[in-house]
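J.: Sequence first, predicted model second:
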Amino acid sequence: MSEGDDARSAGNHPSTFYGVNLGLPEGAQRPEDVPLVCTSIQEVQAAVRTHKTARFKQFTCRELAAVYSGQRLEPAEPTSPAAAPAAAAGGEKPSPFRNPTRPEFQAFRSLVEHGDEAAAVAEPGFFRILYPDDEPEVASARARRVTDLYLNVPTKGTYETPLHLASKLGHVEVVRELVRHPACKRDVRNKFGETPEQVICKQSKGGESADAARQLAFLLQDPYYVQVLADADGCEPPVLAPPCSPQQGRPVGESPVQSPDSPLGSPVGSPLRPRAWAGPMPRQLADEFHRRWRSPLSVSPLRSRKAHALDDVRLSDASKGWERVGRGLASELAVEWREYWPFLDRHLDIGSQAGLQALEEHLHRQGCAVLDTQSLPVLFQTLRRAECGR
């Protein structure tokens, strides 16, 4: 037999067969225009276009293809989300909220760039919105977990946390924002066994690396705070607490802390609440701050006029005496300051930009005249003079 005869013989006997099952209900007759077995994909496509419930399968034997075409198949499971909601991975209940759009992502990015996003993700109320059926303890656990991932998740290769990277590159402000959060871990070691304090400015560029290194060394020490505690009713005089750190807890013999009002909180079971605090700062500076805040006379052996005035203010003004002395001391030692203002119901530094903004918003809410930005510092100075003149 010639090669041409072999080719014609192969063309007359195809090796691939397609069984087309139309998915007809029981008892229905098969249309004559659709064969049981197709030998070309074009025939299959024509049948599938005509009958939407049709399914096909490829075989190497005509008889098997015919059997598949003639048997009754179970109807296909619905695949649309409306017909059959998908189960979440790991048994997690799916969120009832849609995915955010691109403009919403841009708006969230703007909030991240201009606000404290770590405090936002640490708020249990955020997770109660996403998972309204969760218990409060579960929502708090979610917030702690996400906050830990946000602040302390390391890189895969070198196992460096965000604090490692910011310290290594000499980014002082980034480190300042990270260590401001009590959940930020300062003692995590990277692949080479180094803590963030040990990699300060290793890859820093520029001529200001020496100054940045001093600031970073200051920031990466355990943060200490000095706070004034007072009861809510004001029946008892305020108490100046010893310096303590969120990383190390309160001094020996005192209860742990749990209130979110300040970085340190309040003693468990105690009616005292933080009324003002200074920090964060290194332990040595915290000890000096505490000593000078407790007794201005300890600064100098001579009873100077300034020491007399500070001591008189602290003892005579029960409402803001401790705060007035601490506020000036924080300004002198360049330490962050927060105090409670009842009319704002917040702890903040009223002289900072955030404090002035809060004051302006309060005045607007009270129906006062609109104040421009330049007049707010003047108002603040007026308030201070009025307070000092009591």
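T.: Nice, thanks for sending it over. Residues are numbered from 1 along each chain as shown.
J.: Ile350 contacts His362, doesn't it?
T.: No - here Ile350 does not reach His362: they are 10.6 Å apart, not a contact under CB atoms under 8 Å. Just so you know, the C-beta spots here come from the backbone N, C-alpha and C atoms, and that holds for glycine as well.
J.: More neighbours: which of these two?
T.: Neighbour count, other CB atoms under 10 Å: between Ile350 and His362, Ile350 has more, with 19 against 15.
J.: Kindly confirm my reading that that one is in a strand.
T.: No - per DSSP: H, G, I helix; E, B strand; the rest coil, Ile350 lies outside any strand segment and is coil.
J.: Return the distance of it relative to Trp341.
T.: Using CB to CB, to the nearest Å, Ile350 is found at 6 Å from Trp341.
J.: by contact count, what packs against the helix ranked longest in the chain?
T.: Ranked by residue count under DSSP state H, the longest helix found in the chain is helix 136-152. Counting contacts by 3 or more CB pairs under 8 Å, 6 or more residues apart in numbering; DSSP states H and E, helix 136-152 is packed against helix 117-121, helix 124-130, helix 162-169.
J.: quick one, strands of the stretch 251-390 of the chain?
T.: 272-281, 337-341, 346-348 (DSSP state E, counting those that start in this stretch).
J.: again, but for the stretch 1-150 of the chain
T.: Going by DSSP E, counting those that start in this stretch, the stretch 1-150 of the chain shows strands at 17-21, 37-38, 55-59.
J.: And Gln198, how far from Leu216?
T.: Distance from Gln198 to Leu216, counting by CB to CB: 11 Å.
J.: Between these two, which is the more surrounded one?
T.: Applying other CB under 10 Å to Gln198 and Leu216 shows that Leu216 carries more neighbours, namely 25 against 15.
J.: For the more buried one, give its distance to Cys184.
T.: Distance of Leu216 to Cys184, given as CB to CB: 14 Å.
J.: in the longest helix of the chain, what counts as buried?
T.: For helix 136-152, a neighbour-count test (16 or more other CB atoms under 10 Å) marks Ala139, Ser140, Arg142, Ala143, Thr147, Tyr150, Leu151, Asn152 as buried.
J.: what angle do it and helix 162-169 make?
T.: Interaxial angle of helix 136-152 relative to helix 162-169 (axes from the mean of the first three to the mean of the last three CA atoms, to 10 degrees): 20 degrees.
J.: any idea of the mean pLDDT for helix 136-152?
T.: The average pLDDT for helix 136-152 rounds to 86.
J.: nearest to Gly326, of the strands of the stretch 251-390 of the chain?
T.: Closest to Gly326 of the strands of the stretch 251-390 of the chain is strand 272-281 (CB to CB; 5.9 Å).
J.: who are the neighbours of that closest one, in terms of helices and strands?
T.: Where contact means 3+ CB pairs under 8 Å, 6+ apart, strand 272-281 is packed against strand 224-231, helix 283-294, helix 321-333, strand 337-341, strand 346-348.
J.: Partner strands of it and their direction?
T.: According to DSSP bridges, strand 272-281 forms sheet pairs with strand 224-231 (antiparallel), strand 337-341 (antiparallel).
J.: dump the residue contacts of the closest residue to Pro162 other than its chain neighbours.
T.: Closest residue to Pro162 apart from its sequence neighbours, by CB to CB, 6 or more residues apart in numbering: Leu178 at 6.2 Å. When contacts are counted by CB atoms under 8 Å, 6 or more residues apart in numbering, Leu178 touches Leu151, Pro162, Leu163, Ala166, Cys184.
J.: Quick check: the third one touching Arg186?
T.: Looking back up the chat, that one is Leu163. Yes - in this structure, Leu163 is within contact of Arg186 by CB under 8 Å, at 6.6 Å.
J.: what about Lys52, neighbour count?
T.: Using other CB under 10 Å, Lys52 has 8 neighbouring residues.
J.: swap that for His290, please
T.: Around His290 there are 19 other residues, counting by other CB under 10 Å.
J.: Same check on Glu173?
T.: Close neighbours of Glu173, defined as other CB under 10 Å, add up to 10.
J.: name the element it belongs to?
T.: Per DSSP states H and E: Glu173 is located in helix 172-179.
J.: Quick one: mean pLDDT for that helix?
T.: The pLDDT scores in helix 172-179 average 88.
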